[in-house]
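Trainee: Task: produce atomic coordinates for the following.
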Amino acid sequence: MLLGLFPPVLPLVLGGLLGWSGSAKLPRRRAVRQAAGSALERLLPGRRATLALRAVGAAEVALAAALLLRPLSPVGAAGTAALGAGFLGYLGYARAVAPESSCGCTSDRHQPVTWRSFTRAGLVAVGGACCALARAPWWSALARHPAAAVAVIAVLATGLVAVSGDLDQWWLLPLRRVRLRLLGHPLAGTAGEVPLAATVELLERSLAWQAAATVVRSALVDHWDSDGWRILRYSGVQDGPDGPRPVSVVFALDATATAETAGEPVVRVSVVDEERHHIMAVPVPA
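Mentor: Residues are numbered from 1 along each chain as shown. Take a look at the predicted model:
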């Protein structure tokens with residue numbers, strides 16, 4: 001019985017996913033932040049990346065409405081399968097052309113494309129195709145077998161959340177903090193340094209990163225430790241009085257902090273004109 005419930009409830013789960021991810025792309029300022037530093041920006045330079053991202057968001061919202069309101073219609077199923085396949089192609093392009101860039105799919109955090117991104121896109125494609133197998137709408141499945149349908153929905157939603165890196169802050173980080181409280185920090189009592197990747201992860205979850213994300217145009221260029229601070233330098237472009245200027249975006253964080261030990265880290269950020277060597281104004285987050 002459980003396997004037979006998968007096709008009817010898939011439109012509900014995929015509709016929720018597409019509605020959430022699509023609506024997140026529609027606000028212009030958020031779309032600008034998502035497109036900044038992504039592979040999409042390399043494919044479509046300038047404002048076209050933002051416009052394309054918002055167009056994809058509108059398509060996702062439309063597909064979500066079709067899946068939720070008319071789950072037996074082939075339009076929603078076929079469109080979702082095609083969207084998932086398109087995402088797989090785009091992710092393959094991103095990995096080949098700009099492996100250090102983010103995909104800009106669902107989050108404005110700078111996070112390189114990983115196997116989790118491919119897995120989620122594949123699940124969307126396969127899930128869309130499986131929606132065509134449904135013989136009853138999701139509300140009928142919930143009415144006839146409420147407990148079993150809720151269990152299936154929970155399994156599907158858990159799988160999608162597990163492969164969504166931009167949702168880690170809602171479940172993975174709290175689990176890590178609980179583990180640290182119970183078992184202690186693995187580096188406690190040792191002379192080991194915090195790994196660079198842990199510092200970068202902490203930075204990319206901070207408000208300072210959100211403020212400067214529209215300026216950053218590269219992966220990490222250089223880093224060093226000084227007086228208890230870890231300095232991270234990125235290249236970028238910022239508009240000045242005489243047009244776009246090449247800049248260095250420099251962040252400074254506590255060298256001993258990680259995402260598990262500092263929820264809201266203290267981050268210093270400076271934007272330096274690379275040619276004139278003077279400090280420029282740091283963008284203010286929306």
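Trainee: C-alpha only now, for contacts and for neighbours.
Mentor: OK.
Trainee: A49 - nearest residue in space that isn't next to it in sequence?
Mentor: Taking C-alpha to C-alpha, 6 or more residues apart in numbering as the measure, A49 lies nearest to E41, with 5.2 Å between them; neighbours along the chain are not counted.
Trainee: got it, and R268?
Mentor: The shortest distance from R268 to any non-neighbouring residue, by C-alpha to C-alpha, 6+ apart, is to A252 (5.0 Å).
Trainee: okay, now the one you found: neighbour count?
Mentor: Number of residues near A252 (other C-alpha atoms under 10 Å) recorded here: 22.
Trainee: Let me see the contact set for it.
Mentor: Taking C-alpha atoms under 8 Å, 6 or more residues apart in numbering as the contact definition, A252 lies against W229, R230, I231, L232, V267, R268, V269.
Trainee: Show me what the helix or strand the last one falls within is packed up against.
Mentor: The reference is to V269. Assigned by DSSP states H and E, V269 belongs to strand 267-273. Contacts of strand 267-273 with other secondary structure elements, assessed using 3 or more C-alpha pairs under 8 Å, 6 or more residues apart in numbering; DSSP states H and E, are made with helix 207-212, strand 243-254, strand 279-280.
Trainee: Give me the mean pLDDT for the second one.
Mentor: Same thing as strand 243-254. Averaging the model's pLDDT scores along strand 243-254 yields 88.
Trainee: Give me the angle between it and strand 267-273.
Mentor: Between strand 243-254 and strand 267-273, the angle formed by their directions is 150 degrees, by axes from the mean of the first three to the mean of the last three C-alpha atoms, to 10 degrees.
Trainee: After the lowest-mean-pLDDT helix or strand in the chain, which helix or strand is next?
Mentor: Among the helices and strands of the chain, helix 168-183 carries the lowest confidence by mean pLDDT, DSSP states H and E, at a mean of 67. For helix 168-183, the succeeding helix or strand toward the C-terminus, using DSSP H and E, is helix 196-204.
Trainee: Report the mean per-residue pLDDT for that following helix.
Mentor: 86.
Trainee: count of neighbours near G4?
Mentor: The burial count for G4: 13, using other C-alpha under 10 Å.
Trainee: tell me which element it falls in.
Mentor: For G4, the secondary-structure element it belongs to, assigned by DSSP H and E, is helix 2-25.
Trainee: can you pull the contacts of P112?
Mentor: Going by C-alpha under 8 Å, 6+ apart, P112 touches P99, E100, S101, S102, C103.
Trainee: Compare those residues and tell me which has the most neighbours.
Mentor: For the contacts of P112, the largest number of neighbours (other C-alpha under 10 Å) sits with C103, at 31 neighbours.
Trainee: and Q210, how far is that from V269?
Mentor: For Q210, the distance to V269 under the criterion C-alpha to C-alpha, to the nearest Å works out to 11 Å.
Trainee: Neighbour count for those two, which is higher?
Mentor: The residue with the greater number of neighbours, taking Q210 and V269 and applying other C-alpha under 10 Å, is Q210; the counts read 22 against 18.
Trainee: and the gap between that one and V32?
Mentor: Look at Q210 and V32: by C-alpha to C-alpha, they are 11 Å apart.
Trainee: Identify each buried residue in the strand or helix carrying L156, please.
Mentor: In this structure, L156 is located in helix 146-162 according to DSSP H and E. Of all the residues in helix 146-162, those buried under the rule 16 or more other C-alpha atoms under 10 Å are A149, V152, I153, L156, A157, L160, V161, A162.
Trainee: same question, stretch 66-75
Mentor: Of the residues in stretch 66-75, A66, L67, L68, L69, P71, L72, P74 count as buried by neighbour count, 16+ other C-alpha under 10 Å.
Trainee: same deal with stretch 17-28?
Mentor: Neighbour-count burial for stretch 17-28, counted by 16+ other C-alpha under 10 Å, picks out L17, L18, G19, W20, S21, G22, S23, A24, K25, L26.
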